[in-house]
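J.: Quick one: sequence plus predicted model below, questions after.
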Amino acid sequence: MLVTYKNNRLIPALIIAACFALFYCLIDPSLENYGYNPVVKQKGIVIEEVELSDGAHKLVELDTKKAEQKAEPIEPIETPAKEVDYVAPTSSKSTAAEEKTATKAISYNGLSTDDVLLIVKTGGTTVWKRMLVHLTTSLSHDRIPLANTVIYSDIPERIGPFNIIDVLANMSSTAKAKADFDVYRQQPEYMANNYYVEAAGVNGDEWGPVGGWIIDKYKFIPLIQHAGDNWPKAKWYIYMEDDAYLFLPAVLGYLAKFDWKQPHYLGSYAAKSDVIFAHGGAGFALSRGGWEQSFGKQGNGNGSLTEEYYQYTADHCCGDQVLAHALRKHGVKFGENGGDGKFTFGFNPVVHWGFAFASANWCSPLLSWHKVHNRDIARYYELEQRWDWSKGPLLHRDFFNEMILPSIKENIEWWDNYSGVFEVSSGNREWAPKPAADNGKYDEALWNNAWESVEACQAACEGWTKCMQWNFVEDLCKMDDKIYMGQGYAPGMSQRKTALMHTSGWMYKRPVADHQSKLYNSMDSDLEDLESRITARPRDIVRLFQCPKCEKIIKDPVATPCGRHACLSCVIPDPRTRVRWERTRSDASLVDCPFAAECGKSHNTNHIIGDSEFCIALNLMEDQLSCWRGLAARLGLYARVSVVDAGGIPASSTRGRLFLERPYRLGKLLAIWDLATFGILKLDGEVIYSESPDPKATLDQPQDVDALEWRVLRNFQKTAWDYMTCKLCSELIQDPATAVCGHAFCRSCLCLAMQTSSRCPLCLLQLSEKPDFEYQEPPSCRELKSFVETFYMDEQLVNLRARFASLDREWEKLLLLPCRDTIPMPHTAARLHIKGAADFYLPTMKRAIAQDRVLGVVQVLDQDGSGEPIFRQFGTLVHIRSARWRGENYEAVVDCISVFKIYSYTTVHNFGITFAVTKPIQNTIQRSTPEEDNLSTQLLARETRERVWKMISSPV
């Protein structure tokens with residue numbers, strides 16, 4: 001063995017070299033192998049230099065670049081002005097593999113999750129607080145495919161398989177320099193300094209920069225633009241926020257009723273300034289047709305809506321309002337029927353424990369909740385998963401029974417259930433507001449003593465037949481005809497030491513028995529009254545909703561200039577290409593009236609409109625029948641129906657014979673409706689039906705079935721009442737006329753409004769450049785008029801008699817309410833405001849409410865030397881319909897009845913009350929002061945009185 005000092009030096013060197021070679025060839029030092037994803041640099045995205053709090057300057061990320069994935073390419077919103085290095089998160093191999101996994105689409109009522117894009121909007125200050133729970137609920141792979149979802153924010157992130165897109169990245173540098181974007185520039189600083197805008201309860205938690213909600217409004221238009229550009233095959237763009245939950249199966253079933261090729265913009269009604277829009281927090285949906293008509297027109301030199309509406313966005317508070325304004329400019333209006341502005345029950349802008357459950361929404365599908373927490377979302381998701389959607393949608397009543405009813409079966413201390421329709425306290429016990437005659441019966445003795453104790457408050461609620469809940473605190477009892485769950489203070493909370501104790505109770509047996517089962521309980525109480533009020537047969541009622549052209553139940557109803565209602569497709573054969581909603585002369589086209597025998601004219605398509613009131617009535621009827629359909633199935637109702645034509649000849653169609661060979665499963669009313677829907681029952685056709693009871697049925701008597709179906713109609717009558725009133729006079733619509741915007745008014749009210757303005761009193765749309773509206777033009781809306789006469793004629797005549805009964809009455813002691821502004825006109829509805837609790841006229845209002853709710857509103861001319869007011873000689877007699885506190889002010893809604901003349905008056909100075917001796921004015925020429933400025937009011941009173949007395953001259 002040869003050993004030298006040279007070998008001792010060479011051998012270690014060779015060993016070291018071999019180790020380096022093996023380490024380089026065989027071992028991958030990448031930290032990804034140990035579960036760590038490093039941050040690498042990418043090209044193509046804009047970054048900016050920002051100044052940190054310590055004065056140092058640092059390059060930070062302000063945008064996100066397109067992620068390299070095959071499942072769904074995400075393009076930049078616009079081409080950046082320059083390319084510099086950008087720090088962005090990378091995707092791991094496991095995530096990429098997960099993205100390649102296809103999720104099976106789910107279909108509801110014919111609309112698949114493959115047909116929609118679910119848009120979720122979040123923010124840099126909320127993404128880690130709110131979005132994580134959505135990954136396993138709202139965005140879970142078993143609910144909607146990954147390729148049909150997108151998340152937009154104001155900072156780029158990656159959570160699991162989701163690339164969160166910075167939708168503000170391509171805003172101009174001028175916009176980003178504004179104060180509104182301070183939070184946008186500050187968010188990367190928090191990330192760079194290892195501070196986390198989370199709520200994890202560990203070191204590093206921060207609330208984040210203040211003002212995330214300020215830049216939120218700038219996201220709406222660019223995110224809708226980007227979604228439509230990158231997902232052009234989507235039929236619907238469904239929008240939700242990170243503090244909301246959408247019941248996706250219910251939303252898909254709801255959207256399936258509409259044609260996605262038409263411009264539809266649907267959601268929860270909201271209004272601000274002059275814009276009606278879909279509430280963003282509640283969620284909304286925009287059809288592809290609506291996107292094409294608005295955002296789809298951009299490009300090719302037309303500019304960007306983001307740039308066009310930047311200043312408008314900066315000047316207004318809300319992004320959903322800005323979006324609606326931009327859509328409306330391009331003819332896409334909010335509402336279910338061509339932009340009628342109809343409020344849709346289901347998209348709810350509040351959380352479930354702050355929502356008012358009432359008869360109006362009890363049987364309507366539940367679509368969303370807003371202002372929800374992570375625990376709420378988890379519970380909603382579990383309810384959605386266990387619900388059997390094949391049996392129908394999740395209704396508000398179903399949610400109430402599942403999630404709320406178990407918690408409110410006992411009275412609860414330290415709990416506020418938000419009652420507030422009526423308040424009785426020790427201070428107002430002598431003049432406390434009471435339910436009107438049409439708002440249920442109540443025990444006056446119990447009502448007046450409701451403020452004394454918890455037991456007295458509960459007894460007063462039990463004595464009022466419409467009371468659903470009550471709340472007592474100190475000496476104040478509050479009652480409500482709706483149900484709120486409310487919120488309380490836990491035993492360990494500090495609020496129990498500083499706040500007054502609220503005790504709340506619910507009449508939970510009433511909503512379960514009186515709402516859910518109100519269609520078949522207590523039938524003997526008011527069946528006779530129902531039949532006296534609704535005299536039409538079920539066949540006649542269904543006929544009101546049949547199209548005169550196709551003879552089926554009207555679909556997408558519109559009103560023609562000749563006053564008829566029909567399906568949109570029956571009036572305009574190709575509505576997609578021929579209807580123009582901009583109402584400009586260049587867009588106008590003519591179509592022949594389908595009712596040639598009665599009209600024979602050609603109509604401008606701009607004048608073929610959706611009647612808001614009729615559309616609402618149709619939807620309400622469908623909702624009531626949907627509620628009744630489930631109850632009829634559980635009761636086992638059957639009926640055998642035969643269809644005959646006007647000559648009594650049985651139906652000969654093959655489909656009709658097949659339909660009628662067996663007993664119909666859901667009873668007579670639904671049988672008639674479905675026969676009309678299928679086109680078997682013609683407009684002039686009649687039905688002959690007989691009972692065919694089911695052995696398992698719970699009701700055996702035919703009269704019981706009649707009672708149930710009449711109750712359905714009665715519930716519809718009550719629900720539709722608010723929509724069948726003129727918004728100018730607050731009375732049932734008489735001789736209805738529909739403006740080109742779709743709103744219907746009494747002919748006389750619209751005539752009066754057009755004398756002073758050429759715009760719609762509700763939406764302010766320009767109706768005519770020269771308002772020369774006469775009583776005979778435009779023609780009456782025949783179907784709407786028939787509808788009101790069918791359901792409300794008795795009430796209409798009774799109300800008119802009661803309203804004008806005091807025209808011939810002389811008052812010896814009429815309470816006077818002095819007013820220095822213009823007094824309200826007779827035969828209209830008005831609001832009176834009493835500012836401040838110490839107002840001099842508040843005692844007059846209180847005394848009138850405590851007595852017969854009648855007072856006279858007069859105008860003050862001046863005061864004499866003694867301080868006595870000098871009134872004008874004529875005033876308006878009003879009846880107080882309702883009154884309540886609104887903040888520090890007192891507001892009353894009144895019906896203005898007639899004009900009266902003052903002969904003498906006396907003021908009681910200790911109480912600030914003025915009484916007058918008056919007589920009604922039969923002839924307005926009796927005026928005695930030439931300076932009297934109420935001449936037009938008196939002439940209107942005379943003309944209106946003559947017309948009304950002619951209408952009600954015959955006995956009811």
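T.: Received the coordinates, thanks.
J.: Domain boundaries for the protein, per the record?
T.: Recorded structural domains for the chain (assignment: automatic domain parsing) are 107-409, 411-507, 525-807, 809-951.
J.: export these to CSV and tack on distance to Ala17, mean pLDDT and mean neighbour count?
T.: For every residue, glycine as well, the C-beta is placed using N, CA and C. Compiled in CSV, the domains of the chain are given as follows (distance: least, C-beta to C-beta, whole Å; pLDDT from 0 to 100; neighbours: other C-beta atoms under 10 Å):
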stretch, distance to Ala17, mean pLDDT, mean neighbour count
domain 107-409, 41, 87, 19
domain 411-507, 70, 91, 18
domain 525-807, 77, 66, 18
domain 809-951, 86, 65, 16
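J.: Report the contact partners of Gly488.
T.: 412, 414-416, 502, 504 (C-beta atoms under 8 Å, 6 or more residues apart in numbering).
J.: ok, what's across the strand from it?
T.: Trp415 (DSSP bridges).
J.: Just give me the closest of the contacts of Gly488 to Trp362.
T.: Closest approach to Trp362 among these (C-beta to C-beta): Ser504, at 20.6 Å.
J.: Pull up the gap between the residue nearest to that closest one when sequence neighbours are not counted and Leu118, please.
T.: Counting by C-beta to C-beta, 6 or more residues apart in numbering, Ser504 lies nearest to Asn417, which is 4.0 Å off, once chain neighbours are set aside. Distance of Asn417 to Leu118, given as C-beta to C-beta, to the nearest Å: 34 Å.
J.: thinking again about what came up before, separation between the residue nearest to Ser504 and Asn449?
T.: 21 Å.
J.: what's the answer for Lys391, then?
T.: Lys391 is 47 Å from Asn449, by C-beta to C-beta.
J.: for Met724, same thing?
T.: Met724 is 38 Å from Asn449, by C-beta to C-beta.
J.: just Gly123 next, same as before
T.: Distance from Gly123 to Asn449, by C-beta to C-beta: 52 Å.
J.: And for Leu22?
T.: Where Asn449 is concerned, Leu22 sits at a distance of 95 Å (C-beta to C-beta).
J.: Hmm, Leu618 is touching Phe545, no?
T.: Yes - in terms of C-beta atoms under 8 Å, Leu618 counts as a neighbour of Phe545; the distance is 5.8 Å.
J.: Now do the shared contacts for these two.
T.: The contact lists of Leu618 and Phe545 share 553-554, where a contact means C-beta under 8 Å, 6+ apart.
J.: Tell me where the stretch 201-350 of the chain has helices.
T.: 212-216, 220-230, 248-255, 288-294, 305-308, 310-315, 319-329 (DSSP state H, counting those that start in this stretch).
J.: who does the shortest one touch, helix- and strand-wise?
T.: Judged by 3 or more C-beta pairs under 8 Å, 6 or more residues apart in numbering; DSSP states H and E, helix 305-308 is in contact with helix 220-230.
J.: tell me the angle of the helix it packs on relative to helix 319-329?
T.: 60 degrees (axes from the mean of the first three to the mean of the last three C-alpha atoms, to 10 degrees).
J.: Packing partners of helix 220-230?
T.: Here helix 220-230 touches strand 116-121, strand 149-153, strand 236-241, helix 288-294, helix 305-308, helix 319-329, going by 3+ C-beta pairs under 8 Å, 6+ apart.
J.: can those go into TSV with extra columns for distance to Met468?
T.: Below are those laid out as TSV (distance: least, C-beta to C-beta, whole Å):
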stretch	distance to Met468
strand 116-121	35
strand 149-153	39
strand 236-241	30
helix 288-294	39
helix 305-308	46
helix 319-329	31
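J.: Tell me which of these sits nearest to Asn361.
T.: Closest approach to Asn361 among those (C-beta to C-beta): strand 236-241, 20.0 Å.
J.: now for the closest one, which elements pack on it?
T.: strand 116-121, helix 220-230, helix 248-255, strand 284-287, helix 288-294.
J.: Quick one, which of those gets closest to Lys682.
T.: That would be helix 248-255 among the helices and strands packed on strand 236-241, by C-beta to C-beta, at 29.8 Å.
J.: Residues in contact with the closest one: which ones?
T.: By C-beta under 8 Å, 6+ apart, helix 248-255 touches 106-109, 111-113, 116, 118, 138, 143-144, 236, 238, 266, 283, 285, 346, 365-368, 384, 387, 389, 393-394.
J.: rerun at 10 Å
T.: Helix 248-255 is touched from outside by 106-113, 115-116, 118, 138, 143-144, 235-236, 238, 240, 246-247, 264, 266, 283, 285, 287, 336, 344, 346-347, 365-368, 384, 387, 389, 392-395, with contacts defined as C-beta atoms under 10 Å, 6 or more residues apart in numbering.
J.: which residues touch Tyr152?
T.: With C-beta under 10 Å, 6+ apart, Tyr152 has these contacts: 119-123, 164-168, 219-220, 222-224, 226-227, 239.
J.: Ok, Ala445 next?
T.: If you count contacts by C-beta under 10 Å, 6+ apart, Ala445 has them with 459-460, 463.
J.: which of those lies closest to Ile16?
T.: Ala460 (95.0 Å).
J.: The closest one belongs to a helix?
T.: Yes - according to DSSP: H, G, I helix; E, B strand; the rest coil, Ala460 belongs to a helix.
J.: now it: how far from Gly486?
T.: 19 Å.
J.: One more: Phe181?
T.: 39 Å.
J.: And for Val899?
T.: In terms of C-beta to C-beta, Val899 sits 47 Å off from Gly486.
J.: Likewise for Met191?
T.: Distance from Met191 to Gly486, by C-beta to C-beta: 40 Å.
J.: List the backbone torsions phi and psi for the closest residue to Tyr903 other than its chain neighbours.
T.: Using C-beta to C-beta, 6+ apart and skipping residues adjacent in sequence, the residue nearest Tyr903 is Val917, 4.8 Å away. Dihedral pair for Val917: phi -100, psi 120, per degrees, to the nearest 10.
J.: partners of Val917 in the sheet?
T.: Beta-bridge partners, per DSSP bridges, of Val917: Ser904.
J.: In the stretch 101-250 of the chain, mark out all the strands, start to finish.
T.: 107-108, 111-112, 116-121, 149-153, 157-159, 162-166, 236-241, 244-246 (DSSP state E, counting those that start in this stretch).
J.: Now for Arg847: which residues touch it?
T.: 430-431, 815, 855, 911, 913.
J.: If we use 7 Å, what do you get?
T.: 815, 913 (C-beta atoms under 7 Å, 6 or more residues apart in numbering).
J.: ok, now Asp115?
T.: Contact analysis of Asp115 by C-beta under 7 Å, 6+ apart lists 234-236.
J.: Return stretch 237-245 as CSV; C-alpha atoms alone will do.
T.: C-alpha atoms of stretch 237-245 as CSV (Å, rounded to 0.1, in the frame of the first residue of the first chain):
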residue,chain,number,x,y,z
TYR,A,237,-75.0,35.8,-14.6
ILE,A,238,-76.0,35.2,-11.0
TYR,A,239,-74.4,37.7,-8.6
MET,A,240,-73.9,37.3,-4.9
GLU,A,241,-71.7,38.9,-2.2
ASP,A,242,-69.5,37.2,0.4
ASP,A,243,-72.0,38.0,3.2
ALA,A,244,-74.9,36.4,1.4
TYR,A,245,-76.2,32.9,0.7
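J.: For Asn604, which of the helices of the stretch 201-350 of the chain is the nearest?
T.: Among the helices of the stretch 201-350 of the chain, helix 288-294 sits nearest to Asn604 (C-beta to C-beta), with 19.6 Å.
J.: can the helices and strands packed on strand 236-241 go into TSV with extra columns for distance to Pro538?
T.: Shown next, in TSV, are the helices and strands packed on strand 236-241 (distance: least, C-beta to C-beta, whole Å):
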stretch	distance to Pro538
strand 116-121	38
helix 220-230	45
helix 248-255	27
strand 284-287	34
helix 288-294	36
